[in-house]
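> this one's sequence-less:
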């Protein structure tokens, strides 16, 4: 196996700093793999190789002078296409934006580079970052490295695929509807959806937009839990508007082993049923806690109705997504809303209303969201961690039917709506909760399965530590066999 390609960022930086390998050598190693593997995976879609080579050489020269740039000194890495990088296009997969060339770096990219990173490219997304797959007319389709006929997830699908295929050392994604978490699950890597608002999103937005979107977050993706923690510490904290007024000081886990955790388990949901193969992995992690002497409760639930929570998420999500739409698309939806019958409660009608709701309606859902947040607050007084599925199946075959309502997935040998996957993302996303996806190895089809590890708001590091301890027990990231040589 190509140990260099599949090492985590923490290990790679240690090797660079100890001069076992140079930054430039590692960059060239990734470039060679990219030249060989990326044409069929199509994960990395934009590069800045000359700039990266010059920076890698500078990192090596600095190290030779005894200078340490920081915790990512000389690490070659990529970021999601939706991040601004000076001189590169930021299209969000939309052909209309193919000439949108960034004139500055996103704040997260600035912080990564200030910590020593060498950003050499950007990874693929679906149009408007709005799918569980990653394909668009600008850059084409990204394939899952474990099975090229299947999705790597979305919208950070290129990010997860690049990590899984050993094409990059670290990644930054974003998440509003599982866009970090479902690709991490489908590709067998680690992903953190942070508590909303703790990582500045400036430079990850449509052109000219400075307001942070509701629900949406940015966060790291990696081949280890240690890397998630490293990237969180580097990119987290107030943007300039709030500096020096507040400082991010996330609590660290006090638990020393899995047996010290109080864990609740939410395995399945009637209106979004989960394939038994995925449920089995959630159970596997729960049994690790039990075997270690920890407290595990399979019946505990926060004090709210799951369907009601999902309805609030649905309305808040589509309100946020509609703000990204061109004016003519919104106007068309508004006209459609005006023609809806009052008793039309079909999925298209609900989507139209959610995408064009008045502020008073949005405010009502936001108020109920705050009630959900307090219910979770009470829940996490009794439990440190909640374990859930991330998606209802492992990676599914590509399906680019333009009518998403017609797409289906196979769950326990039955056909289910494509959007069932959204429940497990929205359950925690609507309430701003942090969650880490930890890989648990391949299923009977050879496809990765991840488990979602959730904690209270600001409990990001607790979810990461739990994932790290699980990783120690069951092995974590497993490279795709086709790319290990």
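That came through fine. Every value quoted in this text rests on a predicted model; they were computed, and no experiment measured them. Numbers count the residues shown, from 1 in each chain.
> From now on I want contacts and neighbour counts done on CA atoms only, so please keep to that.
Will do.
> how much space is there between residue 285 and residue 114?
37 Å (C-alpha to C-alpha, to the nearest Å).
> Who has more neighbours out of those two?
residue 285 (23 against 16; other C-alpha atoms under 10 Å).
> For that one, which non-adjacent residue is closest in space?
residue 470 (7.1 Å; C-alpha to C-alpha, 6 or more residues apart in numbering).
> Is that neighbour in a helix, a strand, or coil?
helix (DSSP: H, G, I helix; E, B strand; the rest coil).
> if I look at residue 228, how far off is residue 92?
24 Å.
> What's the local residue count around residue 444?
Quick note: residue 444 (other C-alpha under 10 Å) scores 7 neighbours.
> What strand or helix carries it?
Using DSSP states H and E, residue 444 maps to neither a helix nor a strand.
> Check residue 286 too.
helix 276-291.
> helices and strands around that helix, which ones?
strand 262-265, strand 295-297, strand 385-389, strand 448-454, helix 460-474 (3 or more C-alpha pairs under 8 Å, 6 or more residues apart in numbering; DSSP states H and E).
> quick one: low-confidence parts of the stretch 101-250 of the chain?
For the stretch 101-250 of the chain, no stretch is flagged by pLDDT under 70.
> So which residues of it form helices?
Secondary structure of the stretch 101-250 of the chain (DSSP state H, counting those that start in this stretch): helices located at 107-114, 157-164, 181-187, 225-235.
> mind putting the ones you listed in CSV, distance to residue 350 included?
CSV is the format used below for the helices of the stretch 101-250 of the chain (distance: least, C-alpha to C-alpha, whole Å):
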stretch, distance to residue 350
helix 107-114, 35
helix 157-164, 28
helix 181-187, 24
helix 225-235, 36
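> Pull the contacting residues for the closest residue to residue 407 other than its chain neighbours.
Among residues not flanking residue 407 along the chain, residue 418 sits closest, at 5.4 Å (C-alpha to C-alpha, 6+ apart). Listed by C-alpha atoms under 8 Å, 6 or more residues apart in numbering, the contact set of residue 418 reads 404, 405, 406, 407, 408, 409.
> these two touch, right, the fourth one and residue 415?
When you say that, I think you mean residue 407. No. Counting by C-alpha atoms under 8 Å, residue 407 does not reach residue 415; the two are 9.7 Å apart.
> who has more neighbours, these two?
residue 407 (15 against 11).
> which ones are touching the more buried one?
399, 401, 417, 418.
> Just those: which are in strands?
Here DSSP state E is the test, and these give residue 417 as lying in strands.
> Break this structure into its domains for me.
3-258, 306-373 (automatic domain parsing).
> Out of those, which gets nearest to residue 476?
In terms of C-alpha to C-alpha, the element of the domains of the chain nearest to residue 476 is domain 3-258, at 7.5 Å.
> returning to what we had before: using CSV, lay out the helices and strands packed on helix 276-291 together with mean pLDDT and mean neighbour count.
Listed next are those as CSV, based on pLDDT from 0 to 100; neighbours: other C-alpha atoms under 10 Å:
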stretch, mean pLDDT, mean neighbour count
strand 262-265, 98, 23
strand 295-297, 98, 18
strand 385-389, 98, 26
strand 448-454, 98, 29
helix 460-474, 98, 22
